[in-house]
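[1] Just a sequence and a predicted model for now, questions to come.
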Amino acid sequence: MSHSKKSTRKNSVTKHKKSASTNSSPSNSPLPTEDNAQTAAPELTVAEIAQLSCADLRALIQKQVEEERQQVWEQTKKNYPNKENHPKRLNDELKTPPPAVMAWKVMHVPEKRGPRIDRLMDAVRRQQLGDAELLVDLIGDRFCFDHKREVFMQFVNSHWKDDAKRQHRKEVTIMAEQFDRGSNYLFSKYKELESQIEQLSLKISQAGDEPEQADLAAIAKKRKELKQNKYNRKMLDDRASKLRNDRRISGVINMAKSGEDTLGIEGTEWDKDHTLLPCANGIIDLETGHLLPPDPKYKMRHASPYEYRGLHEEAPFWTDFLYKIFCNNIELLEYFERVIGYAVTGLTSHKEIYIAIGPTANNGKSSLFNTIMKVLGGYSSTISKSVLLQGNKKNDGADPALMALEGLRMAVASEPDSSETFDKEIIKQITGADEVSTRGLYESQVVLQLFCKLFVHANSVPRIKNADRALFERMRLIPFNARFTKNLKEVDEAKHIYHAKPSNTVNDRIEEEAPGILSWLVRCARTFLSDLDLTPPLIVRHEVESYTEDNDPIGAWVDDWCEVHPHDSNVRTKANDLYESFKCYCMEELKINEKYLMNNKGFGSQLTQRFKKKKIKIFYYFGISIKAGFKAEERPSLPK
């Protein structure tokens, strides 16, 4: 898309150049007005263009850009009509052409003036404290010190990042140059004073024995100013010299980061604006789709590396890939877009974990998630699968992989095995946006407030040991049933087997369409934010039900060996009888070794979520009974 726009604009300029040789009569009104807004931009000669003011030339260029945008918009409506084979658009998206995005306006930063002489002298009088206060004034909108992490941060383009090169120390030496400039300015004034004193001295000498009293007073004042000027210059020169000393630099920085109204922040202020997304040319408001100017007050630590060109920037290659990977299932695609829109925000309104499951390899999952993470930027990352799995956790509480979740909106783990087991407690903590206590290697314990959405893509899903209903309700299994092959003989699009393009071709197209994919992410976020609805389609619910049956032995036992009486309060069964029957079921039907069976406490904890439990001398469960022939004493697996 970007290449075509550049080409169109180049042709437009060429057209104007050609017209210079054929059109000899200049137009009386070369600039567009409201009356001729819909007409083509006038053709101007080189001489006419040279006579235009900057404001008029800007207006002419904006008119040409607006005409191009209108043409692209009309073509887009033809290419993407509201048909059944296309996802629904936002309600307002097809009514008017997209708003213009003028990066040169958004990114304009006014030049800052240096401090006045009186401000510099005030800093000199206040010693090192004055230097620290002046440093805060000069760099407070570009640097801050995170006391929680004990690192300096620097505002770059549209977001804050670690000051890895320690530029904040360099800023102290740059501040020294302000004192140099102040001294140079005073020296120029010194020369002026010398000239004025010389002129007054000549005037007084010419007056002989009767000089003017005003001249005498004036020369005395000038000499006093000259003396003060010389003293001030020495003070400024001395201060500039001190600020180039490493020890002085450290002292100034330590004072500048300590206390209120300094460079220091607590470290809990980061990433609180959950519906904003920084990008290469500003900050995107995900609720409106508008591009805001960069502003350090938002305290955002990550950004998309690509520029935002408005809501309606298209990515046809990416769109075609989405249709293929979801087997042209529009309902599933729209659900996935809502999920991704949720992940793009920092909101934690839905306590869910999303598992992209494909029964075969080469189903496009890796390419899909890698592209989304690439475009989303630092708010997304791959994470070690060990974070979500049981085992491989350090006994001393150190978990650097869990620490990596801080600040993320989207965390993606890949390729766990069906023989592995999910850590249900950590999944509950992360998806529930609970505070998580952990620490890095050789570091102190910290409490993390996470707001990341968990994604797992795998060909087979890990088990859940002793799962409960609350966890199953958080699972969302999204099927990926397409397949991509390099063998043209295997291609059968009717069966959703597609030709896999060379990886370098795919990468080039993705890079070319990255701004359009960013616009797609913003549209996804707007769709989600419009109603916060993430109701899964039937195909996802079926996958979850199937997974639940495979990982919920208690539910399977209730279905196969028990009878449920939800409306009969008189039906009750001893808790121990139910547990013994359950053990027999696990050994006979699920082939689980007796030593690996769920204990009575875990069984009771999960069964209590399904049936009422009450103690009448002993514990009973109400509303459930064991079918005839399935009591423990009636089973061959009962231990003798």
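    It's in. Numbers count the residues shown, from 1 in each chain.
[2] how about low-confidence regions in this protein?
    1-42, 79-112, 392-399, 437-445, 466-468, 637-640 (pLDDT under 70).
[3] Show me it divided up by domain.
    2-79, 117-265, 316-536, 552-634 (automatic domain parsing).
[4] Ends of the last one, what's the gap?
    Between the opening and closing residues of domain 552-634 there is a gap of 24 Å (Cα to Cα, to the nearest Å).
[5] quick one: which of the domains of the chain is nearest residue 273?
    For residue 273, the closest of these is domain 316-536, at 7.6 Å, according to Cβ to Cβ. Bear in mind the C-beta positions are built from the backbone N, C-alpha and C, glycine included.
[6] Can you give the distance of that closest one from its chain's centre?
    On the basis of Cα atoms, centre = their mean, to the nearest Å, domain 316-536 sits 15 Å off its chain's mean C-alpha point.
[7] Equivalent analysis for stretch 53-62, please.
    36 Å.
[8] What of stretch 164-174?
    Put simply, stretch 164-174 sits 27 Å off its chain's centre (Cα atoms, centre = their mean).
[9] about what we covered before: for the domains of the chain, give me TSV that also has mean neighbour count.
    TSV is the format used below for the domains of the chain (neighbours: other Cβ atoms under 10 Å):
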stretch	mean neighbour count
domain 2-79	13
domain 117-265	16
domain 316-536	18
domain 552-634	15
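[10] okay, the ones you listed in TSV with distance to residue 271 next?
    Listed next are the domains of the chain as TSV, based on distance: least, Cβ to Cβ, whole Å:
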stretch	distance to residue 271
domain 2-79	29
domain 117-265	10
domain 316-536	6
domain 552-634	35
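[11] how about this structure, which residue sits the furthest from its center?
    Distance from the C-alpha centroid of the chain, by Cα atoms, centre = their mean, peaks at residue 209 (81.7 Å).
[12] any idea how far residue 564 lies from residue 482?
    40 Å (Cβ to Cβ, to the nearest Å).
[13] what do you get for residue 314?
    22 Å.
[14] Over to residue 328?
    9 Å.
[15] Identify the contacts common to these two.
    residue 496 (Cβ atoms under 8 Å, 6 or more residues apart in numbering).
[16] on that earlier part again, wasn't the residue farthest from the centre of the chain part of a helix?
    No. Counting by DSSP: H, G, I helix; E, B strand; the rest coil, residue 209 is not found in a helix; it is coil.
[17] what's the distance between it and residue 137?
    54 Å.
[18] before we move on, what about residue 423?
    Distance from residue 423 to residue 137, by Cβ to Cβ: 49 Å.
[19] which one is residue 207 nearest to, not counting chain neighbours?
    In this structure, residue 207 finds its nearest non-sequential neighbour in residue 215, 7.4 Å apart by Cβ to Cβ, 6 or more residues apart in numbering.
[20] Mind giving me the packing neighbours of the helix or strand hosting that neighbour?
    Assigned by DSSP states H and E, residue 215 falls within helix 213-242. Using 3 or more Cβ pairs under 8 Å, 6 or more residues apart in numbering; DSSP states H and E, the elements in contact with helix 213-242 are helix 117-125, helix 167-206.
[21] give me that answer again for 10 Å
    helix 117-125, helix 127-139, helix 167-206, helix 246-256 (3 or more Cβ pairs under 10 Å, 6 or more residues apart in numbering; DSSP states H and E).
[22] Just give me how far it sits from the chain centre.
    55 Å.
[23] follow-up on the earlier one: looking at the domains of the chain, spot the one closest to residue 303.
    Residue 303 lies closest to domain 117-265 among the domains of the chain, at 4.3 Å (Cβ to Cβ).
[24] Give me the distance between the two termini of the closest one.
    Start-to-end, domain 117-265 (Cα to Cα) is 30 Å.
[25] I'd guessed residue 579 sits against residue 607; true?
    Yes. Judged on Cβ atoms under 10 Å, residue 579 makes contact with residue 607 at a distance of 8.4 Å.
[26] residues in contact with the closest residue to residue 356 other than its chain neighbours?
    Leaving out its chain neighbours, the residue that sits closest to residue 356 by Cβ to Cβ, 6+ apart is residue 457, at 4.0 Å. By Cβ atoms under 10 Å, 6 or more residues apart in numbering, the contact set of residue 457 is 354-358, 363, 365-366, 368-369, 412-416, 478, 480.
[27] Can you classify residue 457 as helix, strand or coil?
    With three-state DSSP as the criterion, residue 457 reads strand.
[28] The residue most central in space within the chain and residue 485, how far apart?
    By Cα atoms, centre = their mean, the chain has its centre lying nearest to residue 379, at 3.7 Å. Going from residue 379 to residue 485 by Cβ to Cβ gives 33 Å.
[29] what separates stretch 206-226 from the chain centre, distance-wise?
    With Cα atoms, centre = their mean, you get 69 Å for stretch 206-226.
[30] so the residue nearest to the centre of the chain touches residue 284, yeah?
    No. Residue 379 sits out of contact with residue 284 when judged by Cβ under 10 Å, with a separation of 11.8 Å.
[31] re the thing from before, between the helices and strands packed on helix 213-242, which gets nearest to residue 590?
    helix 167-206 (60.9 Å).
[32] Please enumerate the strands of the stretch 301-450 of the chain.
    For the stretch 301-450 of the chain, the strands defined by DSSP state E, counting those that start in this stretch occupy 353-357, 380-382, 410-414, 421-422, 435-438, 446-449.
[33] Please disregard the earlier target; I meant the stretch 501-640 of the chain.
    Using DSSP E, counting those that start in this stretch, the strands of the stretch 501-640 of the chain run over 562-564, 572-574, 612-616, 618-622, 624-626.
[34] the inter-axis angle of the third one versus strand 618-622?
    The directions of strand 612-616 and strand 618-622 differ by 150 degrees, with axes from the mean of the first three to the mean of the last three Cα atoms, to 10 degrees as the criterion.
[35] tell me what strand 612-616 is packed against?
    strand 572-574, helix 575-588, strand 618-622.
[36] follow-up on the earlier one: dig out what the residue nearest to residue 356 forms beta bridges with.
    In this entry, residue 457 is beta-bridged to residue 356, residue 414, by DSSP bridges.
[37] what's the distance between it and residue 59?
    On the measure of Cβ to Cβ, residue 457 and residue 59 end up 50 Å apart.
[38] same deal with residue 243?
    From residue 243 over to residue 59 (counting by Cβ to Cβ), the distance is 47 Å.
[39] again with residue 548
    63 Å.
[40] Likewise for residue 266?
    Residue 266 is 48 Å from residue 59, by Cβ to Cβ.
[41] How about residue 47?
    19 Å.
[42] Wait, residue 305 touches residue 279, no?
    Yes. Counting by Cβ under 10 Å, residue 305 does reach residue 279; the two are 8.0 Å apart.
[43] Pull up the overlap in contacts between those two.
    Here residue 305 and residue 279 share the contacting residues 157, 375-377, 518, scored by Cβ under 10 Å, 6+ apart.
[44] Of these, just say which sits nearest to residue 542.
    residue 376 (29.3 Å).
[45] so who does that closest one touch?
    277, 279, 302-306, 340, 343-344, 408-410, 517-518, 521.
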